[in-house]
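# Provide a 3D model corresponding to the input given below.
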Amino acid sequence: SNRLILSVVLPESLVSIGKECFLYTYNMTSVTISSKITVLPYACFESCEKLQEVKFTNGDECNVRVISDKCFSGCKKLTFMSLPSSIEILGNYTFNGCENLKMVELPNIISAGNNCFNGCTGLSKITIPSSWRAIGDCCFEGCNLLSIVKTVGDQPSQLEVLGHDAFYDCNGLENIELPD
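Residues are numbered from 1 along each chain as shown. Predicted coordinates:
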């Protein structure tokens, strides 16, 4: 583990980073991701317990399409994620255990894997874009504060797969709106 790194800015020249690249970088509080990267790999920022801010350079010019399995798992201080519109796939356990994550903006997500938001006990509302086709098994398990799940968009919902126990142990869940 590396306890000295506090902040990372990935240069625009960077097109790829390796799996587990910043795994257990406990004291890192912010990361800026290059717009040329297309995949955030397996466990890239897993257990960066003090990570609070994730920025994607060039907003709509961002090329990240996939956030892989366990990428931000265990990032306990992460409270908000605004994902660029280029991101379509969230892997398994992507935000697992991000207990302070309160809000996530998911503009063009197509799929969220198994246990993607499992244990995000601070998550209170999720807005699902109409493009979302698959919600994995146990995707929101243990999201105790989650009270509203709502589909938004100009098109009818394209949801095809709602995994088993997708909302298991979401004790505060009052309303799910997944219209045609």
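# wait, residue 62 sits on residue 56?
Yes. Taking contacts as CB atoms under 8 Å, residue 62 lies within contact range of residue 56: 4.6 Å. From N, CA and C alone the C-beta is placed, and that goes for glycine too.
# contacting residues for residue 164?
By CB atoms under 8 Å, 6 or more residues apart in numbering, the contact list for residue 164 reads 137-138.
# okay, and the common contacts of residue 62 and residue 56?
33, 35, 84.
# residue 62 and residue 56: who's more crowded?
Applying other CB atoms under 10 Å to residue 62 and residue 56 shows that residue 56 carries more neighbours, namely 23 against 20.
# burial of residue 71, as a residue count?
24.
# correction: the previous question concerned residue 37.
Neighbours of residue 37 (other CB under 10 Å): 21.
# who are the contact partners of it?
Residue 37 neighbours (CB under 8 Å, 6+ apart): 10, 14-17, 63-64.
# ok, residue 29 to residue 88 distance?
28 Å (CB to CB, to the nearest Å).
# wait, residue 81
According to CB to CB, residue 81 stands 15 Å off from residue 88.
# neighbour count winner among the two?
Set side by side, residue 81 and residue 88 show more neighbours around residue 81, with 21 against 18, by other CB under 10 Å.
# tell me which residues form a beta bridge with the more buried one?
residue 104 (DSSP bridges).
# need the pLDDT of it.
pLDDT for residue 81: 89.
# isn't it right next to residue 54, touching?
Yes. Between residue 81 and residue 54 there is a contact at 6.3 Å, judged by CB under 8 Å.
# hey, what's in contact with both of the two?
Residues touching both residue 81 and residue 54 comprise residue 72, with contact defined as CB under 8 Å, 6+ apart.
# quote the end-to-end distance of stretch 68-79.
In stretch 68-79, first residue to last residue: 19 Å (CA to CA, to the nearest Å).
# ok, now stretch 35-48?
21 Å.
# same deal with stretch 109-118?
17 Å.
# for it, which outside residues touch it?
Contacts for stretch 109-118 (CB under 8 Å, 6+ apart): 69, 83, 87-98, 101, 104, 106, 123, 126, 128-129, 131-143, 163.
# so which bits of that stretch are buried?
Residues of stretch 109-118 classed as buried: 109, 111-118 (neighbour count, 16 or more other CB atoms under 10 Å).
# try stretch 136-146
136-144, 146.
# repeat that for stretch 31-46.
Quick answer for stretch 31-46 (16+ other CB under 10 Å): 31, 33-37, 39-46.
# would you mind checking the contacts of residue 37 for buried ones?
Listed as buried from the contacts of residue 37 are 10, 17, 63-64; burial here means 16+ other CB under 10 Å.
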